[in-house]
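K.L.:
Build me a model from this:
(2 chains, ligands or ions: 4)
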Amino acid sequence: MLEVKDLWVKYRSQHGRSVSAVRGVNFSIPDGTFMGLVGESGCGKSTLGFAIARLLNSQQLEISGSVLLNGEDLIKMSSRELRKLRWDKIAIVLQGGMNAFNPVLKIKQQFTDVMKAHGQGRAEDRDQRIAELLRHVQLDPALLEAYPHELSGGMKQRVAIALSLVLNPELVILDEPTTALDVIVQKAIVEMLQELQRHMKFSVLFISHDLGLVLEAAERVMVMYAGKIVEEEPVEVLLEGAKHPYTEALLSCYGDPQAKELRFKGIPGSPPDLSKPLQGCSFVPRCSKAMSACRELEPQRLELERGAVACHLYTKMQGGIGK
Amino acid sequence: MKLDEQTFSSHKTAMLTLKEVTKVFKNRARTTVALHRVTFTVAPGRIVALVGESGSGKTTLARIVTGIEKPTEGSVTLGEWQVDRLRSSQLRVYRRYVQMVFQDPFSSLNPHNTVLQTIVRPLMNHLHLNVKQARLQALEIMNTVRLTPTDQFAHKKPHQLSGGQRQRLVIARAIAPNPELIVADEPVSMLDVSIRADILELIDQLRKRTGMSVLYITHDLYSARAMADEVVVLYKGHVVERGNIEEVISHAQHPYTQLLLQAIPNPWKKRQPTAHRVDGSESAPHFAEIPAKDEITLYGRLHAGDKGCPFAARCELVSGECLQAKPSLKGTEVHQVSCWNRQV
Ligand SMILES: Nc1ncnc2c1ncn2[C@@H]1O[C@H](COP(=O)(O)OP(=O)(O)OP(=O)(O)O)[C@@H](O)[C@H]1O
Ligand SMILES: Nc1ncnc2c1ncn2[C@@H]1O[C@H](COP(=O)(O)OP(=O)(O)OP(=O)(O)O)[C@@H](O)[C@H]1O
Ligand SMILES: [Mg+2]
Ligand SMILES: [Mg+2]
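P.N.:
Ligands and ions are numbered 1, 2, ... in the order given. Modelled structure (predicted):
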C-alpha cells in the first residue's frame, strides 16, 4: 500500500524563480490497484512519479511531505536504504526509457546487471527468469541475444516493462509508456500490462497525458492540474460524468471516431506558470464555471463517496466555501 | 487580418500525383520494400490523410514527395515538377513549393533563432524579400498562426515556447514561402489532446485561406477524420484502402482499417473480449508462448506477403488465394479496397 501525504516538490533554480511542480498532493494506491495519472504536459506528472520513487536529485530541489510504502516513509530514508528498495519494491519505467538502454549491451546483460546488483546469484536461475519475463511480455526469449537497436519501439518498450518486473516489485510506475508508439502497438501493450498486473498482482501507477488511454487502461484515475490532484475516481464513475470542470473539458476532447457527429475540441487557454505564486484555483482562467470564490480561495481535496474532488462547486454544495 | 495577396495567392493549381511508386531499401542484412506501387493524388486545396502503423512507409513516402529521397520505381509529379527526377540544384527551388511539418516541434527548430528569425529566413531565401519586407510579412504570418501579441513573441526562442506554440511556429515557417503543398508528418502526436484540435484547425484554416493542399500523415484515424477530405490507408507499403474519409471510416472494409479503428482509445466503448487481439496474435488469454506476429515480422523472420497479400500474416479472414497473389485496389470513385475477401 502506497500513501502519499501532502507532498510538495519545488525545483530550485540558480537565478531566481523556482518551480513548484508538485503542490500538496494526497492520495493512496491500495495493493493490486491499476491507478492512472493524467494531465497536460508540464503539470508535474513525471515529477510526482520521480518523487515517489525518490529518483530526484535533492541538491536541486526541496521536497516535503511523506511517501509511505507499507508504512515506511521513503522521504526519510537514506540513499543506501533506497537503493535496496528500488527495483525490489518500487520499479519505474521512465518516460522515453525505451531509448535509454545501453546500446552496446545485449538485452540479457541489461537484466543481469540489475539482478546481480540485488544479489540474485546463480547464472542458470537468472537466465531462466529472464526468459520467463520475456515470454510474459510476449517476446521471443531468443531476443535475449539481441542488441537494443535490433528491436522496434514496441519491442523495446516491452523489454523495459519486463525489466521493471525482474525483482517482483509491489509497485510499478510507468511514465508515458506508450506515447511514442502507434495506436495498435499502444493498445497491445496496455492489454498486456493489464494481464500481467492481474496475474502478478503488483500495483501500477500509469502516467500519461492521454485521458482516453488512461480510462481504457486503469481502474482508478487521478487528474492532475498545475501540480495538484483535482479529481480522483474509479473509471466507471468518471465516465458517468466528470466532476471537476477540467476533467470535463479533457473528456470532451475525446469522442467516438465512428459517431455520426464528430466532436473535436481542445481546451482554450493554457496552464499557469508554476514558477509564479498562484492564488485561488489554478484552473480559473480556463474554467467556464468559475465563481468569485474560485479566484480567492484554493479549493481543498474533498472526499466523496467513491472518489475525491478539489473544486468549489462541490465545497459549496457541501455547505459553504472554505473550511 | 488580411493576408498579403501577392505572397499568398489563393490560386494554387498544382496537383500531386503518385504513380506506382515503389521504394526498396537494400543493405547487407536485408531488403525492405518500404513502398509498393503506391498510387494516389492530392488535388489542390484538399487534405489527404496517409494513415498506417509504425513502419508502414509513411515517412518514406513523405521524403519522396519532398524530393529528399528518390523512388526506386514509379513517378511523382507536383504540377509541372517531375519530382522523382529533380537534380539537387533544382531541389532548392522545389522546396519552396513543398514544405514539411515534423512530429517533434522542438528538434525541428533551431534553438538559437528567435521566432521572428525563424519565419524571416524562408521569406528571404525563397521569396527574395529584403529584410524590412520580410519582417513585415513575418509579423503578418505570426498573426495568422496566432503567435500573438506579436511583439511579445517575436524575440522568444523555442525553449521559451510551449509545445503548442512551438508547433505553431513550425507551421508559420512552413507556410512562409507560400507553398503549394504541406506535408505534415504526425504534427500533433507529441502534443496534448487539449491543444491538438487547435493545431489541426489552424492547418485546416490555412488551406482554406491559401488554397494549399496538405498531406497529413498519422497513425490516428480519429484525427484524420477531424481534418481530412480523403484517406489513404497504408500497410507495409501497400495501399490497402482509400477514398472519401467519411465513407472509409463509416464503412471500413479492410481488416487492417478495422483494426486501426478499434485501436483508437475510446473509453465509452466497453472493451469486448475480442476473438483476435489487436497486435495480431491469436487470442492470448494468458501469457502467450508465441510473440505477437507483428513483432516477429518486425524482427525480420516472417516474410509473408512477398507473393500474397501483405496483411495475410495478421489477417483473420485469410484464405488460400491470399497467400498466392496480391489483391489490387477495386471499388468506386469514393471508396476502394484491396482485399480478396472484402469489397465495397
Ligand atoms: N529539473 C528541473 N528543473 C526545473 N524545472 C523543472 C525540472 N524538471 C521539470 N521542471 C518543471 O516542472 C514542471 C513539471 O514538469 P514534469 O516533467 O513533472 O511535467 P509532466 O507532467 O511530466 O509533463 P510531460 O507530460 O511533458 O512529461 C514543468 O513546469 C517543468 O518545466
Ligand atoms: N534509409 C533506410 N534504410 C533502410 N530501411 C529503411 C530506411 N528508411 C526506412 N526504412 C524502412 O522502411 C520501412 C518504412 O519506414 P518509414 O519510416 O517510412 O515508416 P513510418 O510509417 O514513417 O513509421 P513511423 O510511424 O514509425 O514513423 C521500415 O521498415 C523502415 O525500417
Ligand atoms: Mg513527464
Ligand atoms: Mg514516420
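
K.L.:
Ranking helices and strands of chain B by mean pLDDT, which lands last?
P.N.:
In chain B, the helix or strand scored least confidently by mean pLDDT, DSSP states H and E is helix B:293-298, which has a mean of 41.

K.L.:
residue boundaries of the strands in the stretch 51-200 of chain A?
P.N.:
With DSSP state E, counting those that start in this stretch as the criterion, the stretch 51-200 of chain A has strands at A:61-69, A:72-73, A:90-93, A:171-175.

K.L.:
any idea of the mean pLDDT in the shortest one?
P.N.:
The one in question is strand A:72-73. For strand A:72-73, mean pLDDT is 94.

K.L.:
What pairs with it, parallel or antiparallel?
P.N.:
strand A:61-69 (antiparallel) (DSSP bridges).

K.L.:
Only the buried residues of the strand it pairs with, if you could.
P.N.:
Across strand A:61-69, burial judged by 16 or more other Cβ atoms under 10 Å in any protein chain shown covers A:61, A:63, A:65, A:67-69. Using the backbone N, CA and C atoms, a C-beta is placed for each residue, glycine as well.

K.L.:
hmm, it touching ligand 1?
P.N.:
No - shown here: strand A:61-69 not in contact with ligand 1 (Cβ under 6 Å from any ligand atom), separated by at least 7.5 Å.

K.L.:
who's in contact with that strand?
P.N.:
By Cβ atoms under 8 Å, 6 or more residues apart in numbering or on different chains, the list of residues contacting strand A:61-69 from outside reads A:1-12, A:18, A:24-25, A:51-52, A:54, A:56, A:73-76, A:85, A:89-90, A:170-171.

K.L.:
How about the residue of the stretch 101-250 of chain A found nearest ligand 1: what's its closest non-neighbour residue?
P.N.:
Distance from ligand 1 to each residue of the stretch 101-250 of chain A (Cβ to the nearest ligand atom) is smallest for residue A:209, at 4.7 Å. Take residue A:209 and drop its neighbours on the chain: the residue closest to it by Cβ to Cβ, 6 or more residues apart in numbering or on different chains is residue B:192, 5.2 Å away.

K.L.:
What pLDDT is listed against the one you found?
P.N.:
82.

K.L.:
From what I see, it and residue A:211 are in contact.
P.N.:
No - counting by Cβ atoms under 8 Å, residue B:192 stays clear of residue A:211, with 9.8 Å between them.

K.L.:
Pick out the residue in chain B sitting closest to ligand 4.
P.N.:
Chain B approaches ligand 4 most closely through residue B:59 (3.1 Å), counting by Cβ to the ion.

K.L.:
gap between the residue nearest to residue A:209 and residue A:62?
P.N.:
27 Å (Cβ to Cβ, to the nearest Å).

K.L.:
for residue A:308, which residues make a bridge with it?
P.N.:
Residue A:308 has these beta-bridge partners by DSSP bridges: residue A:232, residue A:303.

K.L.:
burial of it, as a residue count?
P.N.:
By other Cβ atoms under 10 Å in any protein chain shown, 20 other residues sit near residue A:308.

K.L.:
Can you give me the distance of it to residue A:183?
P.N.:
Residue A:308 sits 31 Å away from residue A:183, going by Cβ to Cβ.

K.L.:
One more: residue A:59?
P.N.:
For residue A:59, the distance to residue A:183 equals 40 Å [Cβ to Cβ].
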